[in-house]
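Undergrad: Below is the structure, and that's it, no one-letter string:
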């Protein structure tokens, strides 16, 4: 496999800078396989699901993880908190500029007091290790931090809640599970009333959201671990639906990765390094609702494994029809037929 296999030209003007209102008015490109495509809206999802289907969402909540701090020399640094190393009190973080930071250096906030102490670099060199100097890391992030919008979004978000799903309640992620941003309470209610079972899982969105594939052979890319939790009853609901010839529909690549991790390992929670690429044998997910992704990413590898080379046709159609791309963009509904 070559890097070109997951590359395409994304027109900059199609990168969505703000979310649409209401959430479910975003467009939805429905893959009909040999019958082509349909151009609808997320609110029309009620026409594509049926009683007995299981819709699985990722309830993770985005931390206010971007901290603007100051070095002892007075220089400014940006720290993006990613996750705590289990039981250690030390966090993995992205820090920029980070080239001159010293082990033991304390970074402070303009409001006064040290926020984190530099511990060093992770073994793979991709992240820094920092030790929080505050009593409650999450409270401090809420107080002085901001939502870590992706760098391709250059406009300031007027309502921070628009970078959260309406069902989020576990404040742990460094980025939003963006396919879920399209759902409204009314849409969820309508789906439940028609007999769709809505289940929640958790996958903590981490470093690979920010890291492109750069190696010549994408399969040589080293994927980072992310924490997941899939309750036993969710797996049972999915298995029961498939026995009854109903469908398991994952909302986003993160929900899909959580489900497939649990199905592959047989464990309900842990750290997953499951790398889904063409040739992967899907265990649970029958349909996937997902946004349009950046070129040269592991997310495109997952899409390619789900629908095969047809992903190029779908993306080309979306570009021709001026769909909005990436985090605040539109969505697609895919049937697995790779």
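TA: Arrived safely. None of these values were measured; they are calculated from a predicted model.
Undergrad: drop to CA atoms for contacts and neighbour counts, all remaining ones
TA: Will do.
Undergrad: buried stuff in the helix or strand bottoming out on mean pLDDT in the chain?
TA: Least confident element among the helices and strands of the chain, by mean pLDDT, DSSP states H and E: strand 170-173 (a mean of 89). Judged by neighbour count using 16 or more other Cα atoms under 10 Å, the buried positions of strand 170-173 are 172, 173.
Undergrad: Hmm, residue 107 is touching residue 115, no?
TA: Yes. At 5.9 Å, residue 107 and residue 115 qualify as touching, with contact defined as Cα atoms under 8 Å.
Undergrad: Looking only at neighbour counts, state which of the two leads.
TA: residue 107 (27 against 21; other Cα atoms under 10 Å).
Undergrad: Surely the more buried one forms part of a helix?
TA: No. With DSSP: H, G, I helix; E, B strand; the rest coil as the criterion, residue 107 is strand rather than part of a helix.
Undergrad: That one bridge partners, please.
TA: Beta bridges link residue 107 to residue 116, judged by DSSP bridges.
Undergrad: per-residue confidence for it?
TA: Among the per-residue scores, residue 107 holds a pLDDT of 96.
Undergrad: any idea how far residue 228 is from it?
TA: Going from residue 107 to residue 228 by Cα to Cα, to the nearest Å gives 31 Å.
Undergrad: Same check on residue 68?
TA: Noted for residue 68: a distance of 29 Å to residue 228, by Cα to Cα.
Undergrad: So those two - more neighbours on which side?
TA: In this view residue 68 and residue 228 are compared by other Cα under 10 Å, and residue 228 has more residues nearby, 25 against 17.
Undergrad: Can you report phi and psi for the nearest residue to the more buried one once chain neighbours are set aside?
TA: Among residues not flanking residue 228 along the chain, residue 203 sits closest, at 4.2 Å (Cα to Cα, 6 or more residues apart in numbering). Backbone dihedrals for residue 203, given as degrees, to the nearest 10, come out at phi -130, psi 120.
Undergrad: other SSEs contacting the least confident helix or strand of the chain?
TA: With contacts taken as 3 or more Cα pairs under 8 Å, 6 or more residues apart in numbering; DSSP states H and E, strand 170-173 sits against strand 60-62, strand 76-84.
Undergrad: Neighbouring strands of the last one in the sheet, and parallel or not?
TA: Paired neighbours of strand 76-84 in the sheet (DSSP bridges): strand 66-70 (antiparallel), strand 91-96 (antiparallel).
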